[in-house]
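[1] sequence? don't have it. structure:
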């Protein structure tokens, strides 16, 4: 059930915030053992909050599931890692949580994810496996896989995720829900455990575009606690939501429709674009010539930033500490060895390497310059079109375990989503039908819509028309 | 499966995984070194494609929406109380975090 429907029921007195939580708790008990989306949930404290919910607020009485890398006061925040699984309780609310509470919402549930958001399948969670509700043999996508799977499974109304290279949009696509990555700087990152600070953004995963607009409305805006959060007025994202696409120009980047796309994905995405054309949008072929370099650029920059950000996990102030270390250096090394899983270690080593003396210019310095070229590709495109439409991922959800020993292969599947993070622009994934793939039937596919920086209002308007 | 861009078959980039892991304060097992070595070489080799691009005169992008020189008003504000910070410390005593001896005896 969508946020807007529940809000109507709440305002009509047909249900109560506590009743909604009790019902969700029942859905979790009935189905989450199969899906594995929730790492934990605290019904008791949520019911207490629900009893004080102010229904006059825009999200009054609505529970929202939270990815387990966003701090909520008094709750765990494991980041899907053994490092934080046992002995960390958040001492404060992230700014997005403070804003959600101010809008009347109730944070409810901690959602599984790839460890420190590093992955595209939620298989890198050190804590549990999350399965795609459409086919439990398959991944939910990632890294916000728990958030996407729960919304698709009906065990959550909506959720927050984080997106560093597609981690909201790709699981949304794989699970058949809406996922929005806002523009860089639109939403505060304060209280989000940092993976790659120049790429990370928090955003909603929801059952409808309208719900995504409602949550963005609540969480967007300036925050003095995050120096990269922009002091720019937040428009009303609901006013023009149903204004349609008549007269809008939509760019189709030829580089996003090359070989390697599953035929079912291609067919569904092309049909979705035709649907927008039938509503009066003008479809224009465009080029984003540096697309082929996006994966390499991203997998230099993101690990570089991660290696720096994750140096804070040293076993001193919080999280795991190795027992009986020989000295302080031994404490650091053993705590990190015990606490981090293989993908996190790979990326820390990779990031340390590309930042090290002698390699910095060749890898990191060069990747930052190519990032400029990728950004310019989009700036040029948005001179000609209002938005860009493309697939979210080259294939529907694959089977669990398919790329276990081949990280590079897994990285390549992020090709369509990570450019938006490099360029800082907003992107949304909207469900566009189902297809059969690799022995699986009726697997969801997603249409990605990308807009210019801070262009969320028009992006949501186009997404609503594509819904 | 996606076939683009080409996955290099014969990686030749060299990274001394154990040396770099030590820089990152990671103590790897022999098995981990053996697993990571070819994986990281393949990734680095793939990233070498960036060297083919001409980036002469291109400014690097560090942040996609850079904000420079923002100063907040110089007004004191409440920080987390010490107890809230210390509650997550693995070892603490007398309101402080306890660690192994950092300075060796003179």
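    Thanks, I have the structure now. Bear in mind that the values here come from a model prediction, so they are computed numbers and not experimental data. Numbers count the residues shown, from 1 in each chain, chains lettered A, B, ... in the order given.
[2] hang on, residue B:49 packs against residue A:294?
    No: Residue B:49 lies out of contact with residue A:294 (CB atoms under 8 Å); the separation is 11.1 Å. All C-beta atoms are positioned from the backbone trio N, CA, C, and that covers glycine.
[3] quick one, which of these two is more surrounded?
    Neighbour count, other CB atoms under 10 Å in any protein chain shown: between residue B:49 and residue A:294, residue A:294 has more, with 28 against 17.
[4] need the nearest residue in space to the single nearest residue of the stretch 301-450 of chain A relative to chain B, chain neighbours excluded.
    Residue of the stretch 301-450 of chain A nearest chain B, by CB to the nearest CB: residue A:424 (2.4 Å). Closest residue in space to residue A:424, ignoring its immediate chain neighbours: residue B:64 at 2.4 Å, by CB to CB, 6 or more residues apart in numbering or on different chains.
[5] ok, now residue A:41?
    The shortest distance from residue A:41 to any residue other than its chain neighbours is 4.1 Å, reached at residue A:109 (CB to CB, 6+ apart).
[6] burial measure for residue 28, as a count.
    Answering for chain A, as no chain was given. For residue A:28, the count of nearby residues is 23 (other CB under 10 Å).
[7] the chain in question should be chain B.
    21.
[8] gap between it and residue A:315?
    To residue A:315, residue B:28 is 16 Å away according to CB to CB, to the nearest Å.
[9] and the strands in the stretch 1-150 of chain A?
    A:38-40, A:63-67, A:106-111 (DSSP state E, counting those that start in this stretch).
[10] ok, now chain B?
    Assigned by DSSP state E, the strands in chain B fall at B:92-93, B:96-97.
[11] looking at those strands, spot the one closest to residue B:45.
    strand B:96-97 (42.3 Å; CB to CB).
[12] list phi and psi for the spatially most central residue of chain A.
    Geometric centre of chain A, nearest residue: residue A:168, 2.1 Å, by CA atoms, centre = their mean. Backbone torsions of residue A:168, given as degrees, to the nearest 10, read phi -100, psi -50.
[13] centre-most residue in chain B?
    residue B:24 (7.5 Å).
[14] list the buried residues for the top helix by length along chain B?
    As assigned by DSSP state H, the longest helix anywhere in chain B is helix B:30-47. Within helix B:30-47, the residues scored as buried using 16 or more other CB atoms under 10 Å in any protein chain shown are B:32, B:35-36, B:39-47.
[15] those residues: which ones sit near chain A?
    By CB under 8 Å from any CB of the partner chain, the members of these lying near chain A are B:32, B:35-36, B:39-40, B:42-44, B:46-47.
[16] for the stretch 1-150 of chain A, which residue gets nearest to chain B?
    Across the stretch 1-150 of chain A, the shortest distance to chain B (CB to the nearest CB) belongs to residue A:91, at 4.0 Å.
[17] that residue and residue A:330, how far apart?
    Distance, residue A:91 to residue A:330, by CB to CB: 28 Å.
[18] who has more neighbours, the two?
    residue A:91 (18 against 15).
[19] so for that one, what's the pLDDT?
    Confidence at residue A:91, expressed as pLDDT, is 96.
[20] for it, which residues are in contact?
    The contact partners of residue A:91, by CB atoms under 8 Å, 6 or more residues apart in numbering or on different chains, come to A:71, A:73, B:80, B:84-85, B:87-88.
[21] ok, these vs residue A:269, which is closest?
    Of those, the one sitting nearest to residue A:269 (CB to CB) turns out to be residue A:71, at 36.3 Å.
[22] return the distance of the residue of the stretch 301-450 of chain A closest to chain B relative to residue A:408.
    Distance of residue A:424 to residue A:408, computed by CB to CB: 25 Å.
[23] which of those two has more neighbours?
    residue A:424 (24 against 20).
[24] and that one, how close does it get to residue A:417?
    Using CB to CB, one gets 14 Å for the distance from residue A:424 to residue A:417.
[25] again, but for residue A:45
    35 Å.
[26] so for those two, which residue has more residues nearby?
    Between residue A:45 and residue A:417, counted using other CB under 10 Å, residue A:417 has the larger neighbour count: 29 against 15.
[27] the more buried one: what's it in contact with?
    So residue A:417 contacts A:163, A:165-166, A:169-170, A:392-393, A:427, A:448 (CB under 8 Å, 6+ apart).
[28] phi, psi of the residue in chain B that chain A sits nearest to?
    As assessed by CB to the nearest CB, chain A sits closest to residue B:64 within chain B, at 2.4 Å. Dihedral pair for residue B:64: phi -70, psi -20, per degrees, to the nearest 10.
[29] what is the neighbour count of it?
    Residues within reach of residue B:64, counting by other CB under 10 Å, total 23.
[30] if we can go back for a sec, now for the longest helix of chain B, which elements pack on it?
    helix A:294-309, helix A:342-355, helix A:407-412, helix B:17-23 (3 or more CB pairs under 8 Å, 6 or more residues apart in numbering or on different chains; DSSP states H and E).
[31] same list (those) but as CSV, adding mean pLDDT and distance to residue A:10.
    Output for these, formatted as CSV (pLDDT from 0 to 100; distance: least, CB to CB, whole Å):
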stretch, mean pLDDT, distance to residue A:10
helix A:294-309, 98, 39
helix A:342-355, 98, 41
helix A:407-412, 90, 42
helix B:17-23, 97, 53
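[32] redo these as CSV? Include distance to residue A:436.
    As requested, the helices and strands packed on helix B:30-47 are arranged in CSV below (distance: least, CB to CB, whole Å):
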stretch, distance to residue A:436
helix A:294-309, 27
helix A:342-355, 30
helix A:407-412, 22
helix B:17-23, 41
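[33] those helices: which one's closest to residue A:133?
    helix A:407-412 (21.6 Å).
[34] tell me what that closest one is packed against?
    The contact analysis (3+ CB pairs under 8 Å, 6+ apart) places helix A:407-412 against helix A:294-309, helix B:30-47.
[35] got CSV for those, with distance to residue A:375 too?
    Output for these, formatted as CSV (distance: least, CB to CB, whole Å):
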stretch, distance to residue A:375
helix A:294-309, 10
helix B:30-47, 19
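[36] for residue A:249, which of those is the nearest?
    The stretch from the helices and strands packed on helix A:407-412 with the least distance to residue A:249 (CB to CB) is helix A:294-309; that distance is 23.0 Å.
[37] relative to helix A:342-355, how tilted is that closest one?
    Put simply, helix A:294-309 runs at 90 degrees to helix A:342-355, going by axes from the mean of the first three to the mean of the last three CA atoms, to 10 degrees.
[38] mind checking if helix A:294-309 is in reach of chain B?
    Yes: using CB under 8 Å from any CB, we find that helix A:294-309 touches chain B at A:295-297, A:299-300, A:307.
[39] list buried members of those by neighbour count.
    By 16+ other CB under 10 Å, the residues of helix A:294-309 next to chain B give A:295-297, A:299-300, A:307 as buried.
[40] I'd like to know which of these is nearest to chain B.
    Distance to chain B across these (CB to the nearest CB) is lowest for residue A:296, with 4.5 Å.
[41] which residues touch the closest one?
    Contacts for residue A:296 (CB under 8 Å, 6+ apart) come out as A:367, A:370, B:46-47, B:49-50.
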